[in-house]
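>>> Give me the fold of what follows.
(chains A, B, C and D)
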Protein chains: 2
Amino acid sequence: MFERVLIVEDHESVSNSVKQALNDLGVDNPEHVSYCDYALSWIKKAIVTPQPYDLLITDLSFEEDQTVQQITDGVALIRAVREVQPDLKILVFTAEGRLEVIRPLIEKLGINAYVRKARRDTQELKAAFEAIANGRNYFPLQMKRSERNGHSFNFSTYDITIIRLLAEGKKQKDIPQCLQDNKITPSSLSSLEKRLNQIKDEFSFTTNEQLIAYCKDFKII
Amino acid sequence: MFERVLIVEDHESVSNSVKQALNDLGVDNPEHVSYCDYALSWIKKAIVTPQPYDLLITDLSFEEDQTVQQITDGVALIRAVREVQPDLKILVFTAEGRLEVIRPLIEKLGINAYVRKARRDTQELKAAFEAIANGRNYFPLQMKRSERNGHSFNFSTYDITIIRLLAEGKKQKDIPQCLQDNKITPSSLSSLEKRLNQIKDEFSFTTNEQLIAYCKDFKII
DNA sequence: CTTTTCTTTACGGGAAACCGTAAGACGAAT
DNA sequence: ATTCGTCTTACGGTTTCCCGTAAAGAAAAG
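So this is what the prediction gives:
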């Protein structure tokens, strides 16, 4: 069982519930912060004590408020934590359900469990906790769902760059200049047009507007 | 104090916390459902018993799953509830922070309290509860924040219609036909262009793409 | 019934986007 | 070095969009 657990969650209502669940599981006094920066500093402090944290439960998205933060989301927090305490077990508890977001966390940052905020999340939370305590990881098959919802198409960073420029109001004919300024190739108007057409073909989109709408809906940009 | 409270919330972690908060406040056994349809039917049933509900705490957004529902969001639920039990006290507990969404609930549907899911939400929840119990309403000034974030511009239903058509991939030149088919005026291409230009001017947008991105970001469409 | 004013529509020139084709650049393999 | 294939760029014709102006229509005022 775990001795020292840190919960990083900005909704008090959720963190309360997580604390309660941990209590039910025999964790005495889970600690809680609602800002990523504090979480990292607490972890750093604890690591040089006889009792560092052995489990981190964190959300991914945090709302900005007047308290300015260096680290503004859970992904950055996890990345930073992995630098200072690579063996810390990490459970991600978030409403985020997109495979494209979660998969890198599993593969690149080696998180140990993922629980989606949903109708039975507390039960899942407990199951994930048990799994980690027994040296296993916990990645529910529910994620398959996201997979079929998901798009087979993979947007490259190049694609995202040009789509983002469009969404910012750049005219198509002005984008080549932007690309050159940022040393991005291909930069010609022709290549741009061709690539945009490929993407739109892929989805049977007729206009750029439709593409932008899609990308916003699925948080591609 | 309230005798019978119904919590409508699809995240178990949140509903647990709300239950706990109600317990702290002396409400014995708050009831809980995670689907809007069930909520309405429970309320309908209770209203013909000696002990109908006297407080409803509901979220606004609910995730769809395999359980198909007639009522898919909290706004529709509240509207339906107001039909069958107009005097029921309603507390909206949601992550939704846009004034354009909340204000109609207050003005048109007469909800009694609004608490935003955030860093101190449980405390706010209790404050809201106390307020309603004492015959007052609870609408925190925090909403002012949303106001200054907010945009003075009001999109008409006409605006939204044409923007939506664009986002669906309709070409500008084909939209007049759509408008005529749906008996929407003005329908001419000129009027369409003029209106789009007005909107874009208002925001200093340069392209339709940028307008679509904006509307998606702020859930106008 | 006029006049005024506002809204909607029609039109036309210029800019941008769309789309196919062809030429050029580059790397890999022979 | 040559060939081949791929990726990038250049160019031109067509369509669509953009934008200003003017005419037509409708509603309110005189």
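>>> C-alpha from now on. contacts and neighbour counts both.
OK.
>>> Number of residues surrounding the nearest residue to residue A:206 once chain neighbours are set aside?
Nearest residue to residue A:206, sequence neighbours excluded (Cα to Cα, 6 or more residues apart in numbering or on different chains): residue B:169, at 5.3 Å. Using other Cα atoms under 10 Å in any protein chain shown, the number of residues around residue B:169 comes to 17.
>>> Can you point out the buried residues in the lengthiest helix in chain A?
Of all segments of type helix in chain A, defined using DSSP state H, the longest is helix A:189-203. Buried residues in helix A:189-203, counted by 16 or more other Cα atoms under 10 Å in any protein chain shown: A:192, A:195-197, A:199-200.
>>> Output whichever helix or strand comes after it as CSV, restricted to C-alpha atoms.
Beyond helix A:189-203 in the direction of the C-terminus, DSSP states H and E gives the next helix or strand as helix A:208-217. The C-alpha trace of helix A:208-217 is given here as CSV (Å, rounded to 0.1, in the frame of the first residue of the first chain):
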residue,chain,number,x,y,z
ASN,A,208,-11.3,25.4,-45.4
GLU,A,209,-14.0,26.6,-43.0
GLN,A,210,-15.2,23.0,-42.6
LEU,A,211,-11.7,21.9,-41.9
ILE,A,212,-11.2,24.5,-39.2
ALA,A,213,-14.5,23.6,-37.6
TYR,A,214,-13.5,19.9,-37.6
CYS,A,215,-10.1,20.7,-36.1
LYS,A,216,-11.6,22.8,-33.4
ASP,A,217,-14.2,20.2,-32.6
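>>> how about helix A:208-217, does it get close to DNA strand D?
No - using Cα under 7 Å from any atom of the strand, helix A:208-217 never reaches DNA strand D; the gap is at least 9.8 Å.
>>> Quick one: the strands in chain A, in order.
Counting by DSSP state E, chain A has strands at residues A:5-8, A:31-33, A:55-58, A:89-94, A:113-116.
>>> residues in contact with the second one?
With Cα atoms under 8 Å, 6 or more residues apart in numbering or on different chains as the test, strand A:31-33 has contacts from A:4-10, A:15, A:39.
>>> Likewise for the longest one?
Contacts with strand A:89-94, where a contact means Cα under 8 Å, 6+ apart, come from A:54-61, A:111-117, A:125, A:128, A:132.
>>> before we move on, what about the last one?
Outside of strand A:113-116, the residues that reach it under the criterion Cα under 8 Å, 6+ apart are A:90-97, A:121, A:124-125, A:128, A:132, A:137-140.
>>> number of nearby residues for the closest residue to DNA strand D within chain A?
Here chain A gets closest to DNA strand D at one residue, residue A:186, 3.4 Å apart by Cα to the nearest atom of the strand. Counted with other Cα under 10 Å, residues neighbouring residue A:186 total 14.
>>> do residue A:12 as well
21.
>>> what's it in contact with, if anything?
B:117-122.
>>> And the pLDDT at it?
In this model, residue A:12 is scored at 95, pLDDT.
>>> that older thread, filter the contacts of strand A:89-94 to the buried ones?
For the contacts of strand A:89-94, buried by 16+ other Cα under 10 Å: A:54-61, A:111-117, A:125, A:128, A:132.
>>> any idea how far residue B:137 is from the residue located most distally from the centre of chain A?
Within chain A, the residue lying farthest from the chain centre (Cα atoms, centre = their mean) is residue A:190, at 34.7 Å. Residue A:190 sits at a distance of 60 Å from residue B:137 (criterion: Cα to Cα, to the nearest Å).
>>> Surely residue A:126 and residue A:26 touch.
No - applying Cα atoms under 8 Å, one finds residue A:126 not in contact with residue A:26, separated by 11.0 Å.
>>> okay, the two: which has more neighbours?
Neighbour count, other Cα under 10 Å: between residue A:126 and residue A:26, residue A:126 has more, with 17 against 12.
>>> how near is the residue nearest to the more buried one when sequence neighbours are not counted to residue A:3?
Excluding the flanking residues, the one nearest residue A:126 by Cα to Cα, 6+ apart is residue A:21, at 6.9 Å. Using Cα to Cα, residue A:21 is found at 15 Å from residue A:3.
>>> Between the two, point out the one with more neighbours.
Using other Cα under 10 Å as the criterion, residue A:21 and residue A:3 rank with residue A:21 on top: 19 against 14.
>>> Output stretch A:41-55 as PDB, nothing but the C-alphas.
Only the C-alpha atoms of stretch A:41-55 are listed here, as PDB (Å, rounded to 0.1, in the frame of the first residue of the first chain):
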ATOM      1  CA  SER A  41       7.700  21.900  -5.500                       C
ATOM      2  CA  TRP A  42       6.100  19.600  -2.900                       C
ATOM      3  CA  ILE A  43       7.400  16.600  -4.800                       C
ATOM      4  CA  LYS A  44      10.900  18.100  -5.000                       C
ATOM      5  CA  LYS A  45      10.800  18.800  -1.300                       C
ATOM      6  CA  ALA A  46       9.600  15.400  -0.300                       C
ATOM      7  CA  ILE A  47      12.200  13.600  -2.400                       C
ATOM      8  CA  VAL A  48      15.000  14.600   0.000                       C
ATOM      9  CA  THR A  49      13.100  13.600   3.000                       C
ATOM     10  CA  PRO A  50      12.900  10.000   4.500                       C
ATOM     11  CA  GLN A  51       9.400   9.800   3.100                       C
ATOM     12  CA  PRO A  52       9.000  10.900  -0.600                       C
ATOM     13  CA  TYR A  53       5.700  10.500  -2.400                       C
ATOM     14  CA  ASP A  54       5.000   7.100  -3.800                       C
ATOM     15  CA  LEU A  55       1.800   7.900  -5.800                       C
END
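>>> Show me what that stretch is in contact with.
Outside of stretch A:41-55, the residues within contact range by Cα under 8 Å, 6+ apart are A:2-6, A:81, A:84-85, A:88-91.
>>> Would you mark the buried spots in that stretch?
So, applying 16+ other Cα under 10 Å, buried residues of stretch A:41-55: A:42-44, A:52-55.
>>> Contact partners for the residue of chain A closest to DNA strand D?
Per Cα under 8 Å, 6+ apart, neighbours of residue A:186: A:179, A:192.
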